[in-house]
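> When you get a sec, could you give me coordinates for this:
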Amino acid sequence: MKNLLRITFGLFLISIVFMSCDKTNTSKKNNIKYDNKEYDLSQGLIFPGENVGKKAAAVGTPGHQLSLLLLSSGFKIYEVDGTPDSISGTGSGISFDIYSTSPDKIDAGQYVFDSLSFGKPGTFSYADAVFNYNTATEEGTEVEMNAGTLTVKAVGSDYEFTFNCKGYNGKTVDGYYKGSIKSYINIPAKRMVKNNIQQVFGWNFSH
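Coordinates of the predicted model:
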């Protein structure tokens, strides 16, 4: 009986250890969720936004505008002389126009949507997401945000982003990304190629 109790107790302890290990090793998955569906996120880019301008200086809170893109593996980015030029493929993703106190990085902290922030650090003035978007046919679902938050954490040389937004259509767009981000901060914004109608990340899809 004693041996049986020892074996039973030992198995119980082992199960607790494995359960603890499972909980410890469980990590969040990089994804973006919309309309009860989940899409992968596998790459991130940061590049300079447009000039904050006189309005930001007038209110005394000029921040540095940086554009953040979190994209699925279905999108492929093409460069010309080290500058993002065009994008191809079919995928999902989200972009943010963020105002940071630093000119060369997105500072850690929480950013709140404010379309009239005029460059106030700690805000993002624009966010746009696409789902199953085909760059060749320009077909897919596009959702522009009108509310939400973006939380940024620095993890060594990587970033951790958690976002919870709401589109003009009333539906939520949530997501998470942790990993490396490719930076194009040193590239002047005027060199970034734009498409004709300034939609879907403002990039040229004619690669």
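> now the strands: where do they sit in the protein?
Using DSSP state E, the strands of the chain run over residues 31-34, 37-40, 43-48, 64-71, 75-80, 83-100, 109-113, 123-134, 139-155, 158-167, 172-179, 182-183.
> Can you lay out these as CSV showing mean neighbour count and mean pLDDT?
In this view, the C-beta of every residue, glycine as well, is placed from N, C-alpha and C. Formatted as CSV, the strands of the chain follow (neighbours: other CB atoms under 10 Å; pLDDT from 0 to 100):
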stretch, mean neighbour count, mean pLDDT
strand 31-34, 19, 98
strand 37-40, 14, 97
strand 43-48, 20, 90
strand 64-71, 24, 91
strand 75-80, 14, 87
strand 83-100, 22, 89
strand 109-113, 17, 97
strand 123-134, 21, 94
strand 139-155, 15, 94
strand 158-167, 19, 97
strand 172-179, 19, 98
strand 182-183, 14, 91
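> tell me the contacts of the one residue sitting closest to the centre of the chain?
The centroid of the chain falls nearest to residue 70 when counting by CA atoms, centre = their mean (3.9 Å). Residue 70 is in contact with 32, 41, 43-44, 93-95, 161, 175, 177, counting by CB atoms under 8 Å, 6 or more residues apart in numbering.
> any idea how far it is from residue 33?
Computed as CB to CB, to the nearest Å, the residue 70 to residue 33 distance reads 13 Å.
> joint contacts of those two?
Joint contacts of residue 70 and residue 33 (CB under 8 Å, 6+ apart) are residue 175.
> what sits opposite the nearest residue to residue 184 once chain neighbours are set aside in the beta ladder?
Excluding the flanking residues, the one nearest residue 184 by CB to CB, 6 or more residues apart in numbering is residue 47, at 3.9 Å. Assessed by DSSP bridges, residue 47 has beta-bridge partners residue 67.
> returning to what we had before: from the contacts of residue 70, pick the one nearest residue 168.
Proximity to residue 168 was ranked across the contacts of residue 70 by CB to CB; first place goes to residue 94, at 14.6 Å.
> and the closest residue to the closest one other than its chain neighbours, what is it in contact with?
In this structure, residue 94 finds its nearest non-sequential neighbour in residue 129, 4.1 Å apart by CB to CB, 6+ apart. The neighbours of residue 129, taking CB under 8 Å, 6+ apart as the test, are 32, 34, 92-95, 142-143, 145, 165, 167, 173.
> Can you spell out which residues form a bridge with residue 148?
Bridge pairing for residue 148 - DSSP bridges - gives residue 165.
> from memory it sits against residue 113, does it?
Yes: Residue 148 is within contact range of residue 113, at 4.8 Å (criterion: CB atoms under 8 Å).
> No further questions, thank you.
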